[in-house]
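*Asks:* build me a model:
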Amino acid sequence: MFYRPEAGSGLPHNPFKAVVSPRPIGWISTRVGGLGDNLAPYSFFNAVGDSPPLVMFAGDPNDSITNACAAGVFAVNIVEKATWRKMNATSARVARGVDEFVLCGVAKAECTTIDCPRVADAPATLECVLERHLVLPGDNHMVIGRVTGIHLRDDCLRDGRFDVTAYVPVARLGYKDYAFVREVRSLDRPE
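*Replies:* Numbering: from 1, shown residues only. You can find the predicted model right below:
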């Protein structure tokens with residue numbers, strides 16, 4: 001089968017997100033004076049550089065993107081299986097200014113290097129300063145942030161490494177589907 005995205009696939013559901021999977025989920029937290037705190041998941045999220053460490057998230061210009069651009073900072077909280085349902089609950093469209101931490105019962109803590117909340121019990125949180133906001137085709141926006149601080153939950157550190165099997169990361173697939181990382185294998189690069 002071949003199709004052009006602008007013409008549609010003819011399938012009952014768009015397969016694009018299922019093809020580009022699994023995708024890590026960035027649980028983005030922001031704060032804007034006068035509007036309060038915000039928390040929402042993004043499956044169009046990833047690391048885009050490591051020296052300095054850079055991350056991006058993208059989507060329509062709703063609260064998280066608008067807030068990150070207004071405040072100049074945001075935090076990326078890593079999602080684990082234990083908080084999968086709460087993460088999903090924070091994806092609901094609610095009125096601007098509603099605190100999803102409170103609405104969905106997510107424990108909140110303060111970041112260290114930026115004025116922003118974070119998910120208190122997340123396996124890891126990346127504190128970020130806005131580097132760039134890009135307007136993309138359609139109603140898509142991308143935010144790129146430079147990581148200024150990293151929180152690692154102590155129980156996820158094993159033998160000097162951050163062990164993803166200690167918390168079971170959640171990844172987004174297509175449609176309404178998710179994956180849980182439970183197995184890791186190592187492979188050396190060729191010389």
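
*Asks:* got phi/psi on residue 14?
*Replies:* When read as degrees, to the nearest 10, the backbone of residue 14 gives phi -60, psi 120.

*Asks:* how many residues are close by it?
*Replies:* Other residues within reach of residue 14, judged by other Cβ atoms under 10 Å, total 13. Placement of C-beta: from N, CA and C, glycine included.

*Asks:* compute the distance between it and residue 180, please.
*Replies:* Going from residue 14 to residue 180 by Cβ to Cβ, to the nearest Å gives 23 Å.

*Asks:* what of residue 122?
*Replies:* 16 Å.

*Asks:* so between these two, which is more surrounded?
*Replies:* residue 122 (25 against 13).

*Asks:* how near is the more buried one to residue 31?
*Replies:* For residue 122, the distance to residue 31 (Cβ to Cβ) stands at 16 Å.

*Asks:* and if you look at residue 39?
*Replies:* Using Cβ to Cβ, residue 39 is found at 10 Å from residue 31.

*Asks:* find residues that contact each of the two.
*Replies:* Listed as contacting both residue 39 and residue 31 by Cβ atoms under 8 Å, 6 or more residues apart in numbering are residue 117.

*Asks:* looking at the two, which is more packed in?
*Replies:* Between residue 39 and residue 31, residue 39 has the larger neighbour count (other Cβ under 10 Å), namely 28 against 22.

*Asks:* three-state assignment of that one?
*Replies:* Assigned state for residue 39: strand (three-state reduction, DSSP: H, G, I helix; E, B strand; the rest coil).

*Asks:* tell me the bridge partners for it.
*Replies:* On the basis of DSSP bridges, residue 39 is bridged to residue 29.

*Asks:* for stretch 143-158, what is the distance to the chain centroid?
*Replies:* How far stretch 143-158 lies from its chain's middle: 12 Å, per Cα atoms, centre = their mean, to the nearest Å.

*Asks:* can you give me the mean pLDDT across that stretch?
*Replies:* For stretch 143-158, mean pLDDT is 98.

*Asks:* I'd assumed residue 67 was in a helix, is it?
*Replies:* Yes - with three-state DSSP as the criterion, residue 67 is assigned to a helix.

*Asks:* what are the boundaries of the helices in this protein?
*Replies:* 16-19, 63-71, 84-89, 100-104 (DSSP state H).

*Asks:* do you know how far residue 170 is from residue 40?
*Replies:* 15 Å.
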